[in-house]
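Starting from these lines, generate the structure:
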Amino acid sequence: MEASNPAPPKLGYHLEINPTAPAAHHPKPQSSSSRDFQPFGRWIPWLVPSFVVANVVLFVITMYVNDCPENSPSCFAGFLGRFSFQPLKENPLIGPSSSALEKMGGLDVQKVVGEHQGWRLVVCIWLHAGVVHIFANMLSLLFIGIRLEQEFGFVRIGLLYVISGFGGSLMSSLFSQTTIGVGASGALFGLLGGMLSELIMNWTIYANKLAALLTLILVIAINLAVGILPHVDNFAHIGGFVSGFLLGFVILIRPQFGWVSKKHTPLGYPAGPVKRKHKIYQYILWIFAAILLTFGFTVALIMLFRGFNANDHCSWCHYLTCIPTSKWSCKPKVHYCTTIQSATQLNLTCQGNGKTQSYSLSNATEIQIQDLCRLLCT
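All right, here's what the predicted structure looks like:
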């Protein structure tokens, strides 16, 4: 889970239509269309709200698949029946069990590598671990995504969101290999990364450049800092941010000041380009980012499907996702239970506290047993 991101800074454009045109030829404002001249078109946002609806629908489906009364000895908000939540001791985010998330396509590295289920790298970004998780993510998506879609349209923002989420899943898979990963955090950080690269790429058309840059960097730094808390996968945040940052150079490029397309040329101004549409540094950044993004994804996929564990080759990288303090530990709690499975019943005994519990389950999966063991030993 990640904290709600503040709304992105509002950026202003600086545009020169034709600085060499004689003043006598400038038309007087005749209508609201000339007074409200916009150098770039604005889109009506519909994709980002659709993403929010899709995430909520999938969460409801996940709760239906979870079916807490059937698979757990106790449930939170039991009046919801089949849609009730796992006990808060098991899932404090108010949501389903790990086994339900795994069934729905949660990021399980063992299944991605061992059973070649690479589709989980994309599906997991549409799933959430609880009500708290999905509320924080969707609020952030609305604040950031709608403004970006208004500025750049649904195609570019849709690509930025999905590809960044995929990049976050890739990095998480290389470092966090013992948990079920879900959530849109990588995709959301990709939107922030895209905003930063877009500001750098289109630097000359912005007013208040330095203020916009510092504000955006502060927002990104605060959100990355939240990722060092326990139970937050900062590797997904970092992977999504880097992917979005590089992709922003490729798909969020804008024409520079002094160039205006015919459809945006006001009455009285010459049509067509007055200056070069893009600057040399934009082309350089575009090529460099495209090569680096393609190379990074290719190498990461090869490493993942060869069973590469990045933690074995980076002794300090775990500090990127959790820094231990006197208040918390970064080591995951491991619970052990002895198991006796009969035709219709599962008996568990926690080796830590000696508690024993019987469950009416036949052919329980390993993840179901882990969920019940964790609850029994807590």
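
What residue spans form the domains of the protein?
41-320, 337-377 (automatic domain parsing).

residues in contact with the closest residue to Cys68 other than its chain neighbours?
Excluding the flanking residues, the one nearest Cys68 by CB to CB, 6 or more residues apart in numbering is Cys75, at 4.0 Å. C-beta coordinates here come from the backbone N, C-alpha and C atoms, glycine included. Cys75 sits next to 68-69, 84-87 when contact means CB atoms under 8 Å, 6 or more residues apart in numbering.

again, only this time at 6 Å
68-69, 84 (CB atoms under 6 Å, 6 or more residues apart in numbering).

By neighbour count, which of the residues you listed wins?
Cys68 (26 neighbours; other CB atoms under 10 Å).

host element of Ala225?
Assessed by DSSP states H and E, Ala225 sits inside helix 209-226.

now that helix, how far from the chain's geometric center?
Helix 209-226 sits 17 Å away from the centroid of its parent chain (CA atoms, centre = their mean, to the nearest Å).

can you give me the strands in the stretch 51-200 of the chain?
Remark: no strands are assigned in the stretch 51-200 of the chain by DSSP state E, counting those that start in this stretch.

Please name the nearest non-neighbouring residue to Ser122.
Heads up, residue 122 is Val, not Ser. Nearest residue to Val122 in three dimensions, chain neighbours excluded: Phe166, at 5.7 Å (CB to CB, 6+ apart).

What's the local residue count around the one you found?
21.

what's the closest of the contacts of Cys75 to Ile291?
Closest approach to Ile291 among these (CB to CB): Cys68, at 48.5 Å.

Relative to Val226, how far out is that closest one?
29 Å (CB to CB, to the nearest Å).

can you check Tyr281 too?
For Tyr281 relative to Val226 (CB to CB), the value is 33 Å.

So which of these two has more stuff around it?
Shown here are Tyr281 and Val226; by other CB under 10 Å, Val226 has more neighbours (16 against 12).

Roughly how far does the more buried one sit from Leu58?
Taking CB to CB, one finds Val226 at 24 Å from Leu58.

same deal with Lys111?
19 Å.

mind checking which helix or strand of this structure has the lowest mean pLDDT?
Using mean pLDDT, DSSP states H and E, the weakest-scoring helix or strand in the chain turns out to be helix 32-35, at a mean of 40.

ok, back up a step: now intersect the contacts of Cys75 with the helices, please.
Those of these mapping onto helices are 68-69, per DSSP state H.

Now tabulate the contacts of Cys75 in CSV and tack on pLDDT and distance to Pro230.
Below are these laid out as CSV (pLDDT from 0 to 100; distance: CB to CB, whole Å):
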residue, pLDDT, distance to Pro230
Cys68, 92, 25
Pro69, 91, 30
Ser84, 96, 26
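
Go through the contacts of Cys75 and say which is closest to Leu107.
Of all those, Leu107 sits closest to Cys68, with 22.2 Å by CB to CB.

Do a quick rundown of the helices in this structure.
Under DSSP H, the chain gives helices at 32-35, 47-66, 68-71, 98-104, 109-114, 120-123, 131-152, 154-175, 185-201, 209-226, 234-251, 280-305, 366-377.

mind listing what's buried in the longest one?
In this case it means helix 280-305. Across helix 280-305, burial judged by 16 or more other CB atoms under 10 Å covers 282, 285-286, 289, 293, 296-297, 300, 304.

And for the second one?
With burial defined by 16+ other CB under 10 Å, the residues of helix 47-66 counted as buried are 47-48, 51-52, 55, 58-59, 62-63, 66.

Quick check: buried residues in stretch 322-330?
Quick answer for stretch 322-330 (16+ other CB under 10 Å): Cys322.

likewise stretch 331-339?
335, 337.

what distance separates it from the centre of its chain?
For stretch 331-339, the distance to the chain centre is 30 Å (CA atoms, centre = their mean).

Give me the residues contacting that stretch.
By CB under 6 Å, 6+ apart, stretch 331-339 touches 348-351, 373-374, 377.

Repeat the analysis, applying 8 Å as the threshold.
Under CB under 8 Å, 6+ apart, the answer for stretch 331-339 is 178-179, 324, 346-352, 369-370, 372-374, 376-378.

next one: stretch 288-306
Against stretch 288-306 from outside (CB under 8 Å, 6+ apart): 109, 112-113, 116, 118, 166-167, 170-171, 173-174, 197, 242-243, 246-250, 310.

if I look at Phe245, how far off is Gly239?
11 Å.

For the two, indicate the residue with more neighbours.
Higher neighbour count among Phe245 and Gly239: Gly239, with 29 against 24, using other CB under 10 Å.

Leaving out the residues flanking it, which one is nearest to that one?
Met171 (2.7 Å).

What is the neighbour count of the one you found?
Count around Met171 with other CB under 10 Å applied: 26.

Leu160 too?
Count around Leu160 with other CB under 10 Å applied: 28.

Run through the residues that contact it.
148, 190-191, 194, 244, 247-248, 251-252.

What of Lys209?
199, 203.

could we number from 2 for the rest of this?
All right, first residue 2 from here; so that's Lys210.
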